[in-house]
Every structure is written in structure tokens, then in C-alpha cells.
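Q: below are the sequence and a predicted model; questions follow.
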Amino acid sequence: MGYAFVAPALAFMIFFVAYPIIYNLIMSLQLVDVTTLTKPDKEFIGLTNYINIFTQSTPMNYLWNSFAKTMIYTVECIVFQFTIGFFFAIVYTQKAKKLKGISGLLLLSYILPASVCSILFKFMFWTNGGIINELLKACGLINAPVEWLTTPNNAMWSVVIANIWNGIPFNMILIVSGLVTISNDVYESATIDGANAWQQFTKITVPLLKPAIKMVLVLGFIYTFKCFELIYAMTSGGPTSGTELMTIYAYRRAFMEFNFSEGAAISNILLVILMIVGFLYTKMIKKDEVA
Amino acid sequence: MKKTLAILLATLMVIACFSGCTSTPSESSSPAAPAESGSAPAPEAGGDKAFPDTTLTFWHYYSGSTGEDVTTLFNQYAEQPDRSNITLDVVFVPFGDLKKQLSVGSAAGTLPDLVLIDNCDNVAYSAMGIFADITDVMASEDNLKDYYDQIIATTKYDGKQYSVPFMSNNQGIWYNKDMFEAAGITKIPESYEEIREAAKALTKDGVYGFGMSAVQNEEGTSQFLPFQIASSGDAYDPYKLDSEGGLRALQFLTSMVEDGSMPKDVVAWSQSDVGTQFSNQKIAMMMMGCWYITEYRTNWADLNWGVFPIKDKTFGTIYGGENLAAIDGEDKEVAIDFLKWYIQYDVSKPWNLANDHFPPRDATLTDPDYQTDDWKVFIDLIPYTIARPADVKYPEVSTGHQLALQEALTLVKTPEEAVQDGQAVIDAALA
């Protein structure tokens, strides 16, 4: 009887999770391009696809470039999204309960589709006439307009800012859900004991929030690492591959340049990285449970 | 606790499975994940029919009213008395998904009967073997022979015919007549130097003289190639970006960025962004195809525009647009019959004209409907219009062009260095 209950879930996992992963793995070991995609017997070429993407060097190694860009993008996004999300979570749960209604407005950025968000930011970041440069000029912070989308570094910041705006509510909601589990009694007794606000924050809030924080960071890392549509609609990975994350590189090789097996190989490398993160997270959780 | 969770999960899964089973056929008709389906009711069968009852599925990416128009067009086929037993299922697949769906569908064996394909991607899907080889059945079609060789080249792979032209376009330089007048420019530019001077004179008060798309995808390449063609003349070779013509084209475009008359933002502008900049009068000239004619005449009636050709050693323009292919499946005979019906001038021309495109054939050049001020430049350019290479390696060759364009127009590298970098990508792709 027990197996019958588990069977649908197991079938779902096999069909929708295991099968695509195995299919992708096999494809990455074959020669699959436009001339072989529909052939039943595809040539097995071992690790050639992986060797190609690791050794390709014209005019740069796109794998390393995309890996570096993905790491930069992910870390920058997480740091700001988490910090700002944490701040808003504290503000809306502890200090300004009357503002609770407004917190709903913050969700607006989360419910907007990434493609809409990216088009909005693309307009906002235009060098001339873009609202960001106009605002910075009006505030006297810049004399000449900033070329947001036309240099690789600035373009990276532009997509990071767009994603931060998009992702803050996600961080806020998860941290709020952690914050509401902390009993008010703890804070009351700390106040009686003479603990100030900072001490309460560092000695009570942060330690008790640790599981929620870990979850936010890990989920945030995974979601950000595999980000695609926001950047693709904003910069298409440019300029000069300055915002070409691993997802966009894989998409380009597979669906724009029709080298499906190299696209699969890049996706598998991405998968391995995310599996390592997931594995570390599980280990961390287990350690906490034991402790 | 674990047991409760397991039961909950299992229940959810069962519900999900059943809800999947009870979905309507249109909802479950993946592979296309169609967002809209424009199926016409099946006409009644009877009399002498050319084919047994068949449903032809067609994938396209026209949204809105054009999507409705294409449904109407396709259903005209079934209005022929001896084909009234053919039903057309016209399915919308978002533009960004169509290529992916075709690749995935070909691996999964779930494809439509007819599909629209960008003419520069035609070759890749022909090579995949998903399109029906129509070389022999089309050999005697006079309608097809009437098309220009360059557009026919986009429908072929390895010497075999795999599709027919559906809608075709080419490009020129659009200019704002009022801005030209205000800047005191009375002569239409006829060379790169004159375009550059005009762009300088037009750049003021937040308006740039020139704009184009140089984004890191095929849209960027397709706006650059016309300049390379114009600068190369007879020596044009799309695989030789570092040729004299390729370098001169890139130098010309870069010089406008250096002059400040073209913004560096063009490296992030899609073609639709360029069109918006022009209609908002933020750029005085733009590199663009003929597909904006009706939109500007209808929605931007105050915009006073004209078009002139790109010219250096020769005229520079390329074929854009889509081809129509029959999938190599069970119903391919009917699908091929549809292609034959479509390439009749009286069928394809009104559709092309209504959508600001043209059938690239002799008949179009003298058609009074195309002899208007709006169309003249584009139609006169048809004999000079070049197709992008029908080569499975073309997308990678295009990546080289995009790299060079982006490096040069952001002034990160000189045009000389940029064409070398781009050429290295092209050489690696062809190696």
C-alpha cells in the first residue's frame, strides 16, 4: 500500500527530473548538431564536447568568461538582495507595523514577469533620456551620462540592479516568515535584562533566524545562478559577452548556433555546480539538526 | 510527521495527474505549448476531392491582428472546392520559442505539417532533416522560377529545395524629412561620407543623427551586413569580415560613434528599439527594413519620413523575412500542395503587401501597388538584395560579426582590431 502512495511521485520524478538529466548527459557525450539531431544513432565522442568548451580560446574562453560573469552576478545580487530584503523584513515586522499595508506594494516587483522588468530597466538605463541618468544628473551626482548598457562592467551592474529590484521581495518574505516565529517573550526578557536594540538583533534575531537565512541564501544562490530571461531580454549577453552568464552561453550554443551537444555539456557543468551547492546546504542543515 | 507528508505529497501528485488527464485537447497539445489556436471548423467533405480528409497544422509567430490575418489567409486554401475537406489548424508559438520547439519537436517526433521559418535559419532545419525535400515536386513550378535566385538560395540546402519564400523584406536608411529640412540638408546622402556629414549636422538637442541595432544577436549582424555588402562590391564575402569591405563598413559605423552622432547604446538596441527611437524623433536616420511602412503611416501619421538606399561601391541590403516549409511527415503531400497554392502571385502578393513585405520576383517590380513613394526604394533594391549564406555554420559566423560590431561601436577596440577578433571567431567556426 505504501508503494502505491509513493508511485505517482516516483513516476513524476523519473519522467520529469531523472529522464531529462540522463538524456542531457548522454547528449553531451555525443556529436549532436543540425545534421545529426534527428538521426537515431548519434556518434559517441566521449568527453570531446567538454574538452572543446574548456579549451576553446577564440577570442576568449567563453566557459570561463561565463562562469566568472555568473559568479559575479550571483554574488552581487545575493549580497544586495539579502541585505535590503532583511532590512525591509525587520522594518515591516518590528518597527513599523502600521506600514504593513505598504509592504504589499513591495511585492509588485516580485510579481512582475522578468521579461517585463528587463524591458523597463532597459529603457531606464539608456544613456540619453534614460530616467536613471536624468535622476543622477538632477541630483548633481554626475556631469556626463553614465553608459550603463554599453560597457561590459556597467552592463553587469545594470542587470544586477534590475535583478536586485526583482528579487528583494523574495528575500523579504522568507525572512519575515522566519521573524514571526521568534516569540516576543524572548525580546521582552532581553529588554528586562537590559539588552539594547543592537544586542537584541545580534544575540537574538540573527541566531534564531539562522535556518531561514541559510535557506534564503541557498535558494537565492540557485535562482540567481540560473537566471536567464531577465538578462537575455536586457542585453542578450552583451556587450562583447560582458553579461553572458552560463545559461545564456548554453542557450547560444544549443539553440542559436545549433551545437546541441556542447549546449548540453555547458548545462551539465551548471547542474554540477548547483548540485554541489545543494549538497553543502543539505550537509549544513544536517549538522544543525545534530547540534 | 513523515507519513503525513508522504500522504500529502502523494495526494497532490495524484491530483496533478488527474488534472493533466482532464485538460482540454488544446491545452494538452504540447509540443508547441501554443498560446492561441486559430482552428477553422472543418468544411463538409463531398464531391471530388484532391486529397483525403486532412488536418494541416501550421506553426507561426504572428501575434495580435496579424495572427488572425494569417489564420484567414491559410483558411483561404480550404475554400477551393476540391480542397474543402482540408482543415487548417493555425497555431501561434511565441517567436522566442519557435526555433526551440522545432529542435525539441524534431527530437521528440512532435512537429506540425507546415512551419514558418526565418530565412537565415532555414538551412539549419533543412539539415536536421525535418523539412520535406520538395526539389522534384517543385521542379516544374513556374511560380517558383519567377523568384530571384538570391531568395531561392535561402530555401535550399545542399542543392535541394526545402521551402518556399513566404514574406521577404530588405532594408534602407530611413530619414526624418522635417529634421533634414531644419538642419538645412537638401541633398539626400549618396555615400558614407555624406551620411556621416548629415548625421553630424542632425545631432543636437538630445537627437542623434543615426541609429541602428548592433545588439549581440542576429538582429545586429543583419543590420551590419548591408554595409559590408555595400563596401565590398563584387568582392563581398560574408566569411571575410577582415576584408577591405568589412573593415571599411565597420570604420564608417564607428566613425559616427566617435563623432557623437550615433549613441553607443546601439549595442543594446534591438531593431524594435531603433524603430521606437525613430518614431519618437530621437534619431534622425535609422537603418531599417520595409516592415515599418504601415505602422508609421497609421500610428505615427505626423512623422514625415523618407527612405534612401545604402550605397558605397554598390547598393547594400540583405533579404530578411520568412520561408514556409512542409514538414517531412505523414501529410507532406497536402502540405506541399499548400506551398504550391501559396506561391501563386495572387495569393502571396496581397499577404506580403498587407504586412509590408514583398514577393521577390519579377512581377513585383512592375506591380502598380508597389510603385508608391513609400515602396520605391525597397522595390528598386530587389535585384541588388543579397541572401545571408545558406550554411549550417552561419549562426557561428554571425557571432563573429556581432563581436566585431560590439567591440568597435563601444570603442573598446579599433575597427582594425575588432575585425581581426571577429574573423578569428569565424575561422574557428569554419575550421
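A: Done, it's in. Keep in mind that this is a model prediction, so the values were computed, not measured. Numbers count the residues shown, from 1 in each chain, chains lettered A, B, ... in the order given.

Q: how far off centre is the helix or strand where A:Thr83 lies?
A: Per DSSP states H and E: A:Thr83 is located in helix A:62-90. Its chain's C-alpha centre and that of helix A:62-90 lie 7 Å apart, by Cα atoms, centre = their mean, to the nearest Å.

Q: buried stuff in it?
A: Buried residues in helix A:62-90, defined by neighbour count with 16 or more other Cβ atoms under 10 Å in any protein chain shown: A:62-63, A:65-67, A:69-70, A:72-74, A:76-78, A:80-82, A:84-86, A:88-90. For the C-beta atoms, the positions are set from N, CA and C on the backbone; glycine is no exception.

Q: for the residue nearest to B:Asn304 when sequence neighbours are not counted, give its distance to B:Asp142.
A: Counting by Cβ to Cβ, 6 or more residues apart in numbering or on different chains, the nearest residue to B:Asn304 once its immediate chain neighbours are dropped is B:Lys177, at 4.4 Å. Using Cβ to Cβ, to the nearest Å, B:Lys177 is found at 41 Å from B:Asp142.

Q: those two: who's more crowded?
A: B:Lys177 (14 against 7; other Cβ atoms under 10 Å in any protein chain shown).

Q: per-residue confidence at that one?
A: Predicted confidence (pLDDT) for B:Lys177: 97.

Q: and it, what does it touch?
A: By Cβ atoms under 8 Å, 6 or more residues apart in numbering or on different chains, the contact set of B:Lys177 is B:Asn304, B:Trp305, B:Gly306.

Q: and of those, the nearest to A:Pro152?
A: Of all the contacts of B:Lys177, A:Pro152 sits closest to B:Trp305, with 34.6 Å by Cβ to Cβ.

Q: my guess is that closest one contacts B:Phe180. True?
A: No. Assessed by Cβ atoms under 8 Å, B:Trp305 is found out of contact with B:Phe180, at 10.0 Å.

Q: where does pLDDT dip in the chain?
A: Chain wasn't specified; assuming chain A. For chain A, applying pLDDT under 70 flags the ranges A:94-101, A:103, A:290-291.

Q: that's the wrong chain, I wanted chain B
A: B:1-47.

Q: show me the strands in it, by range?
A: B:36-39, B:54-60, B:86-92, B:114-118, B:156-157, B:160-161, B:163-169, B:171-176, B:208-211, B:283-289, B:305-308, B:320-326 (DSSP state E).

Q: so what strands line up beside the second one?
A: The sheet places strand B:54-60 alongside strand B:86-92 (parallel), strand B:114-118 (parallel), with pairing taken from DSSP bridges.

Q: now the longest one, how far from the centre of its chain.
A: Here strand B:86-92 shows a centroid-to-chain-centroid distance of 22 Å under the convention Cα atoms, centre = their mean.

Q: in CSV, could you pull the C-alpha coordinates for it?
A: What follows is strand B:86-92, C-alpha atoms only, in CSV (Å, rounded to 0.1, in the frame of the first residue of the first chain):
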residue,chain,number,x,y,z
ILE,B,86,-8.7,20.1,-45.6
THR,B,87,-8.8,21.7,-42.2
LEU,B,88,-6.2,24.2,-41.2
ASP,B,89,-5.1,24.3,-37.5
VAL,B,90,-3.2,27.6,-37.2
VAL,B,91,-1.1,27.6,-34.0
PHE,B,92,0.7,30.6,-32.5
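
Q: skipping its backbone neighbours, what lies nearest the residue of the stretch 151-291 of chain A found nearest chain B in space?
A: Nearest residue of the stretch 151-291 of chain A to chain B, counting by Cβ to the nearest Cβ: A:Gly238, 3.2 Å away. In this structure, A:Gly238 finds its nearest non-sequential neighbour in B:Gln216, 3.2 Å apart by Cβ to Cβ, 6+ apart.

Q: much appreciated, bye for now.
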